[in-house]
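> Coordinates for the following, if possible.
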Amino acid sequence: LLARRAALCVNEGFLPAGRRILALTFTNRARSNLASRVGHHLGSGHRRHVTVMNFHGLGLLLYKRHGYVLDEMLHEVTPDERELRRIMNSVCDEYPVPRNRRQAIAQVIREAKAGPFSDTEVRCRLEESGVAAALAYEDRLRSESRMDYDDVLRMGLRVIQCEGVARLYAERFAYVLVDEAQDLTRVQYDIVEPIGYGCSVFAGDLAQGIYAFAGADPEWVFERIRDREPAT
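Residues are numbered from 1 along each chain as shown. Below you'll find the predicted structure:
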């Protein structure tokens, strides 16, 4: 559906000259799948018109290109799955945290970063949680100037909240297409909102959500979508 929508916008002349379509999904595999479908409908030149990314890719793009708008030191090392696992395992062994509790630690960290919070605010939120291992994990990240995947979205949201950056991307992308809207977190929705307000298509089904464990909030997201277009 989203690929056909993109093709319609291009082929029917709805896409203004010099502007693009931003298509967003979740995983690398889903990104490749969507890009393949767009290519099927638009042909080999589809990359001139449509940018297909996952949310972490968008967050990282915003941070790398415009992190200078943030009033804090930038983290130099982007997420590395192996290194993040090493840090988490080391912290959980040190405290110690049983293996069946490690997912709960990750959830505490995710919730502390679920918004446009500065590093200082994140650390305060972790202190307030009272979970020492979560705070130690965050301190270890900072000591190595690393980001985790929640940091990528958090920082991307902070950057896009800068009016000048938001205007730049809203002017760059005439339409935004969002896959699997039922799996959006509030942070992911808030990253998209200033880019595609008034020109977005959300495809999703409340019954098919699979990312509740990662902070997906489909009821809140669908309510925000209905607020945009109350008649639908």
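> now stretch 192-204: mean pLDDT?
What stretch 192-204 shows for mean pLDDT is 90.
> And it, what's buried?
For stretch 192-204, the neighbour count (16 or more other CB atoms under 10 Å) marks 192-196, 200-202, 204 as buried. No exception for glycine: its C-beta is placed from N, CA and C like everyone else's.
> Over to stretch 81-99?
84, 87-88, 91-92, 97.
> Then stretch 139-153?
In stretch 139-153, counting by 16+ other CB under 10 Å, buried: 140-141, 146-153.
> Reformat those residues as TSV; add secondary structure and pLDDT.
Formatted as TSV, the buried residues of stretch 139-153 follow (DSSP: H, G, I helix; E, B strand; the rest coil; pLDDT from 0 to 100):
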residue	secondary structure	pLDDT
140	helix	96
141	helix	96
146	strand	95
147	coil	96
148	coil	96
149	helix	96
150	helix	96
151	helix	97
152	helix	96
153	helix	97
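> that older thread, export the buried residues of stretch 81-99 as TSV, with columns for pLDDT and secondary structure.
Output for the buried residues of stretch 81-99, formatted as TSV (pLDDT from 0 to 100; DSSP: H, G, I helix; E, B strand; the rest coil):
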residue	pLDDT	secondary structure
84	96	helix
87	96	helix
88	96	helix
91	96	helix
92	95	helix
97	92	coil
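> Out of these, which comes closest to residue 123?
Checking the buried residues of stretch 81-99 against residue 123 with CB to CB, the nearest one is residue 91 at 14.7 Å.
> May I ask you to confirm that that closest one is in contact with residue 135?
No - taking contacts as CB atoms under 8 Å, residue 91 lies outside contact range of residue 135: 9.3 Å.
> neighbours around the closest residue to residue 129 other than its chain neighbours, how many?
For residue 129, ignoring the flanking residues on the chain, the nearest one in space by CB to CB, 6 or more residues apart in numbering is residue 108 at 5.3 Å. Using other CB atoms under 10 Å, residue 108 is surrounded by 18 other residues.
> thinking residue 108 is in contact with residue 126, fair?
Yes - counting by CB under 8 Å, residue 108 touches residue 126, with 7.3 Å between them.
> Show me what the strand or helix carrying the residue nearest to residue 129 is packed up against.
Here residue 108 is covered by helix 102-112, with elements defined by DSSP states H and E. In this structure, helix 102-112 makes packing contacts with helix 81-94, helix 119-129, helix 132-143, judged by 3 or more CB pairs under 8 Å, 6 or more residues apart in numbering; DSSP states H and E.
> ok, now which ones touch the one residue sitting closest to the centre of the chain?
Central residue of the chain (CA atoms, centre = their mean): residue 55, 3.6 Å from the mean position. Listed by CB atoms under 8 Å, 6 or more residues apart in numbering, the contact partners of residue 55 are 24-26, 153, 188, 191.
> Let me have the buried residues of stretch 81-99 in a markdown table, adding distance to residue 121 as columns.
Output for the buried residues of stretch 81-99, formatted as a markdown table (distance: CB to CB, whole Å):
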| residue | distance to residue 121 |
| --- | --- |
| 84 | 21 |
| 87 | 21 |
| 88 | 21 |
| 91 | 21 |
| 92 | 24 |
| 97 | 24 |
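> Which pLDDT value goes with the residue nearest to the centre of the chain?
Value listed for residue 55 in the pLDDT field: 96.
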